[in-house]
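**Q** Fold the following and give me the result.
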Amino acid sequence: MSKTKFTIVIPARMSSTRLPGKMMLDVAGLPLIIRVAKQALKSEASQVVIATDHEDIFNECKAHNLNVVMTKVDHQSGTDRIAEVVNKLQMSNDEIIINVQGDEPLIDPVLINNLANFIATKKTSIATIAHKINSEDEIFNSNVVKVVLNNKANALYFSRAPIPYYRDGYNQATRQINQSLEVLRHIGIYAYQVSFLRAYENLAPCALEQMESLEQLRAMYYGYEISVMTTENAPIAGVDTAEDLVRVRSFLETQ
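**A** Okay, here's the model as predicted:
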């Protein structure tokens, strides 16, 4: 597959309800946001840009010679923040942006490259990634976002609830019968066409987005298709909670 040119933008806001100030928390000797940026730089991106709303994050990124842009504090979502960045950088509408979440220090650089190639091939406005869930604990965990696809591998819906819901239970026999309806975990990485981001910033937030706290539902609410690439190589989950932070620290300390 030919190499696709793309830019990574990492939204990094200081406010976090589940783990306050997590962007600056230490992860094996570096602030979390620096860990994420250094991992993103291992990809084939033409540039990696951190988009923040806080002076401490801005200064820390500058101290590590990273490309960082100060953005407004009142954005509704990371996608809104990225839209501000592409305008500040005067990017053209046909360029591809990869949104790597600021709390994913273990994201696979190869997965990032694959997603860039995927959206370039599909020629859709938005693309993302999912993988099969094998644990019932994850199916019923509201911190694990699930996605259901149609026969064109486009998202039908994303939810923190268990979807699809097996009426007769999630036992092995049921899942063997329904192989085509595997439960998929959404991996929080997105690819966008810049033209979509310019449209997105003019879309009002919707109730579904706010209820589920899932920004991708705004795009779906207004009729945009989200293409979903499935992978067998799921990244280790990122840092949403204090327990996640302990897990990621422990993993990196053994590397």
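**Q** what about the stretch 51-200 of the chain, any weak spots by pLDDT?
**A** Within the stretch 51-200 of the chain, the stretches falling below the threshold (pLDDT under 70) are 170-181.
**Q** Do a quick rundown of the strands in it.
**A** Per DSSP state E, counting those that start in this stretch, the stretch 51-200 of the chain has strands spanning 67-70, 96-100, 126-132, 146-149, 155-159, 184-193. These are given in chain order.
**Q** Just put these in a markdown table and tack on distance to Ser227 and mean neighbour count.
**A** From N, CA and C alone the C-beta is placed, and that goes for glycine too. As requested, the strands of the stretch 51-200 of the chain are exported to a markdown table (distance: least, C-beta to C-beta, whole Å; neighbours: other C-beta atoms under 10 Å):
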| stretch | distance to Ser227 | mean neighbour count |
| --- | --- | --- |
| strand 67-70 | 27 | 18 |
| strand 96-100 | 13 | 25 |
| strand 126-132 | 4 | 22 |
| strand 146-149 | 9 | 20 |
| strand 155-159 | 8 | 19 |
| strand 184-193 | 9 | 23 |
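**Q** Minimum distance to Gly223: which of the ones you listed has it?
**A** Across the strands of the stretch 51-200 of the chain, Gly223 has its closest neighbour in strand 126-132 (11.7 Å, C-beta to C-beta).
**Q** Quick one: residues contacting Pro20.
**A** With contact set as C-beta atoms under 8 Å, 6 or more residues apart in numbering, Pro20 has no partners.
**Q** Quick one: residues contacting Cys193.
**A** In this structure residue 193 is Gln, not Cys. Residues in contact with Gln193, defined by C-beta under 8 Å, 6+ apart, are 93-97, 119, 124-126.
**Q** Repeat the analysis, applying 7 Å as the threshold.
**A** For Gln193, the contacting residues are 94, 96, 125, by C-beta atoms under 7 Å, 6 or more residues apart in numbering.
**Q** Closest one of these to Thr79?
**A** When these are compared for distance to Thr79 (C-beta to C-beta), Ser125 wins out at 11.6 Å.
**Q** right, and that closest one touches Tyr222 too?
**A** No: with contact defined as C-beta atoms under 7 Å, Ser125 does not count as touching Tyr222 (10.8 Å).
**Q** who has more neighbours, these two?
**A** Between Ser125 and Tyr222, Ser125 has the larger neighbour count (other C-beta atoms under 10 Å), namely 19 against 13.
**Q** need the contact list for the more buried one.
**A** With the criterion set at C-beta under 7 Å, 6+ apart, Ser125 makes contact with 192-193, 196, 224.
**Q** Over to Val183?
**A** Contacts here follow C-beta under 7 Å, 6+ apart; on that basis Val183 touches 133, 139, 146.
**Q** one more time with 8 Å
**A** The contact partners of Val183, by C-beta under 8 Å, 6+ apart, come to 132-133, 139, 146, 162-164, 170.
**Q** Of the contacts of Gln193, just say which sits nearest to Gln39.
**A** Set against Gln39, the nearest of those by C-beta to C-beta is Ile96 (19.0 Å).
**Q** Excluding sequence neighbours, find me the nearest residue to the closest one.
**A** Of all residues not flanking Ile96 in the chain, Phe6 sits nearest, at 4.2 Å (C-beta to C-beta, 6 or more residues apart in numbering).
**Q** so the one you found sits right up against Ser46, yeah?
**A** Yes: under the criterion of C-beta atoms under 8 Å, Phe6 makes contact with Ser46 at 6.7 Å.
**Q** how close does the residue lying closest to Val144 once chain neighbours are set aside sit to Asp244?
**A** In this structure, Val144 finds its nearest non-sequential neighbour in Glu138, 4.7 Å apart by C-beta to C-beta, 6+ apart. Separation of Glu138 from Asp244 (C-beta to C-beta, to the nearest Å) stands at 13 Å.
**Q** Same check on Pro164?
**A** 26 Å.
**Q** Who has more neighbours out of Glu138 and Asp244?
**A** Asp244 (18 against 15).
**Q** Looks to me like that one is in a helix.
**A** Yes: read with DSSP: H, G, I helix; E, B strand; the rest coil, Asp244 is one of the residues of a helix.
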